[in-house]
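K.L.:
Just need the structure, nothing else, for what follows:
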Amino acid sequence: MSRVMEQRRAEIARWGVRLMLALVFLSAGGFKLLGHPMMVENFARLGLGQWLRYLSGVAEVAGATGVLLPAITPFAGVVLVCLLFGAIATHLSIFGSAAWPSLVLLTAAMAVACRAQLAALIDDVGEEGH
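P.N.:
Numbers count the residues shown, from 1 in each chain. Okay, here's the model as predicted:
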């Protein structure tokens, strides 16, 4: 396979990950901002007030939008990573529920946040193999 074709496939994969993150966080943030009953109940259980639900919702929608804007994609990835660390801690310590969905999203968000470094690493490995 040619180098150009490999680069094209890699770019399609990166956009796929970014689009998946955007869809997940747009819906999650939207549920929070629109006051979905489950979200209201979950944030009530936290005991910190509903302001945190709104703040989380805004951050999630902003992060989702940001991963689709190439100029700020790495920054948006960092925002989502921070949100996911909080979500994982909350799921494990307060709700006692499985955190694996958040761990999958965390992996994707970290890849988006570190894309330039990952691309350089992959290029280095590819050059060693040839």
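K.L.:
which residues does the residue nearest to residue 90 when sequence neighbours are not counted contact?
P.N.:
Distance criterion Cβ to Cβ, 6 or more residues apart in numbering; nearest residue to residue 90, sequence neighbours excluded, is residue 46 at 7.0 Å. Quick note: C-beta positions are derived from backbone N, CA and C, even for glycine. Residues in contact with residue 46 (Cβ atoms under 8 Å, 6 or more residues apart in numbering) are 52, 90, 94.
K.L.:
Name the helix or strand for the second one, please.
P.N.:
What that stands for is residue 90. helix 73-90 (DSSP states H and E).
K.L.:
Can you report phi and psi for the nearest residue to residue 21 once chain neighbours are set aside?
P.N.:
Counting by Cβ to Cβ, 6+ apart, residue 67 is the residue found nearest to residue 21 once chain neighbours are left out, at 5.1 Å. The phi/psi pair for residue 67 (degrees, to the nearest 10) reads phi -70, psi -20.
K.L.:
Would you confirm that residue 67 contacts residue 111?
P.N.:
No: using Cβ atoms under 8 Å, residue 67 is not in contact with residue 111; the gap is 10.8 Å.
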